[in-house]
Every structure is written in C-alpha cells, then in structure tokens.
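Undergrad: Structural data only, the sequence is not supplied:
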Ligand code: MN
C-alpha cells in the first residue's frame with residue numbers, strides 16, 4: 001500500500017474516525033465519549049478500569065498529541081495522517097490514540113450470542129480451521145507478548161493473520177489492515193485480574209463486538 005492508500009485504509013477501519021478527528025476551533029482534539037457507559041462491560045471489564053484506561057490513559061495520549069503537534073506541520077492533520085507520518089514521541093502518542101479508540105469502539109455490553117458471522121466467519125475458518133482454534137492462537141500470541149503492546153487480527157493482502165506489536169506500534173505502518181486489537185499493556189487489566197493475562201483474554205471475547213470487526217473486514 002502506498003501512503004495515501006494506507007491513510008485511507010486507516011480512516012475506513014477506524015469506524016469512529018470522523019468523531020475521533022473532531023477538533024475545537026483551536027485545532028485541539030477532544031477526548032470523545034465512549035459509545036457505552038463506563039460500567040457497560042462489567043463483570044468482564046470493570047468500571048474502574050474504564051475510568052482509568054479510557055478516562056486517564058487515553059486522555060493523556062490525546063493531550064500529549066495535542067501538545068506535540070501544536071505549531072508543527074502536523075497541527076492540522078488527522079490522527080491517521082499524524083500516526084503514519086510522525087516519529088518518536090508524536091508517533092507514540094498519536095498511535096496510542098488510534099489504537100485505543102480502535103479497541104474501545106469494538107467493545108459492547110456482554111452478549112452470549114456474540115460470534116462472527118458471514119464472510120468474516122468463513123475467512124477465519126479457512127485460515128485457522130475454526131473460530132475456537134482462532135481464539136486459541138490469538139490467546140497464545142497475546143500471552144507470548146513480552147512487555148507492553150497489542151495483539152491484532154490483520155488482513156494482509158487478503159490473508160488473515162494474528163500479529164503482535166510492541167508499545168504503540170500499529171500494523172498499518174507495515175501496510176497491513178487491522179481488523180481487531182487487544183491492548184496487553186498491564187494498565188489494560190491489572191486493576192481487574194492483576195497478573196492473570198489469560199483471564200483477561202478470556203474476558204475480552206465476552207465484550208468484543210464482532211459486527212464492528214465484520215464492518216472493518218468488508219471495507
Ligand atoms: Mn491501553
């Protein structure tokens with residue numbers, strides 16, 4: 001993918017991109033509201049975790065992006081353009097803004113009938129054998145990530161792959177289209193399950209909104 005295509009892809013798979021990129025008249029990006037209440041993911045992800053993870057960690061990444069882009073050629077760019085153009089601290093903060101909105105927009109209140117359907121289901125079964133096998137492999141990759149980062153399902157030129165990235169890194173910088181991500185920084189789960197990352201991954205499937213993942217897959 002060339003850079004222009006990558007930016008377009010980044011914007012199309014972040015379903016809330018236009019909202020995320022709303023700026024005040026001062027050019028400042030605001031922390032956008034979650035599409036559900038902070039206790040909506042309980043008992044799997046607690047209100048306290050969302051208060052900190054969304055309300056503090058993500059808010060800080062938004063603030064830092066605003067501070068670091070101000071008065072630079074990045075000032076008027078979208079979050080996707082910044083992430084795919086900047087390096088160093090501004091890359092880290094803008095990619096964290098993207099990665100967090102990308103994850104949180106794909107959560108929903110627990111739903112027992114929650115499962116992939118249609119073309120995505122078929123593609124997952126073709127690549128991994130079954131949805132259970134996919135989840136097992138995804139968990140293995142998430143548990144195998146040393147330190148901070150994310151586990152992703154990506155579409156790499158039509159082939160579904162599970163990938164891990166470190167710190168703020170994002171598969172779009174390698175030209176891969178992300179379909180879902182799981183934040184495995186300790187701040188994402190420590191308040192709820194302490195060091196039990198496996199339990200956190202198990203809980204993740206309970207609140208994942210597969211229809212958001214399907215929308216990204218069809219883009
Ligand atoms: Mn996080």
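TA: It's in. Owing to the predicted nature of the structure, the values given are computational and were not obtained by experimental measurement. Numbering: from 1, shown residues only.
Undergrad: Report whether stretch 174-184 contacts the ion.
TA: Yes: legend: contact between stretch 174-184 and the ion by Cβ under 5 Å from the ion is shown at residue 183. In this view, the C-beta of every residue, glycine as well, is placed from N, C-alpha and C.
Undergrad: quick one: the helix or strand harbouring residue 151 to chain centroid distance?
TA: Assessed by DSSP states H and E, residue 151 sits inside strand 149-156. Centroid separation for strand 149-156 versus its chain: 9 Å, with Cα atoms, centre = their mean, to the nearest Å.
Undergrad: Can you give me the buried ones in that strand?
TA: By neighbour count with 16 or more other Cβ atoms under 10 Å, strand 149-156 contains the buried residues 149-155.
Undergrad: For this structure, which helix or strand comes out least confident on mean pLDDT?
TA: Every helix and strand of the chain was ranked by mean pLDDT, DSSP states H and E. The lowest is helix 190-193, at a mean of 94.
Undergrad: Packing partners of that helix?
TA: Judged by 3 or more Cβ pairs under 8 Å, 6 or more residues apart in numbering; DSSP states H and E, the packing partners of helix 190-193 are helix 47-52, helix 197-207.
Undergrad: Out of the ones you listed, flag the one nearest residue 113.
TA: Evaluated with Cβ to Cβ, the helices and strands packed on helix 190-193 place helix 197-207 nearest to residue 113, the distance being 11.5 Å.
Undergrad: Mind listing residues that contact the helix or strand following that closest one?
TA: Using DSSP H and E, the helix or strand that follows helix 197-207 towards the C-terminus is helix 210-218. Outside helix 210-218, the residues that touch it by Cβ atoms under 8 Å, 6 or more residues apart in numbering are 12-13, 15, 105-106, 114-120, 123, 153, 155, 177-180.
Undergrad: How far does the least confident helix or strand of the chain sit from its chain's centre?
TA: 19 Å.
Undergrad: Pull out the buried positions in that helix.
TA: Residues 191-193 are the ones in helix 190-193 that count as buried (16+ other Cβ under 10 Å).
Undergrad: want to throw the helices and strands packed on helix 190-193 into CSV with mean pLDDT and distance to residue 131?
TA: Compiled in CSV, those are given as follows (pLDDT from 0 to 100; distance: least, Cβ to Cβ, whole Å):
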stretch, mean pLDDT, distance to residue 131
helix 47-52, 98, 26
helix 197-207, 96, 10
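Undergrad: Having no further points to raise, I will conclude here.
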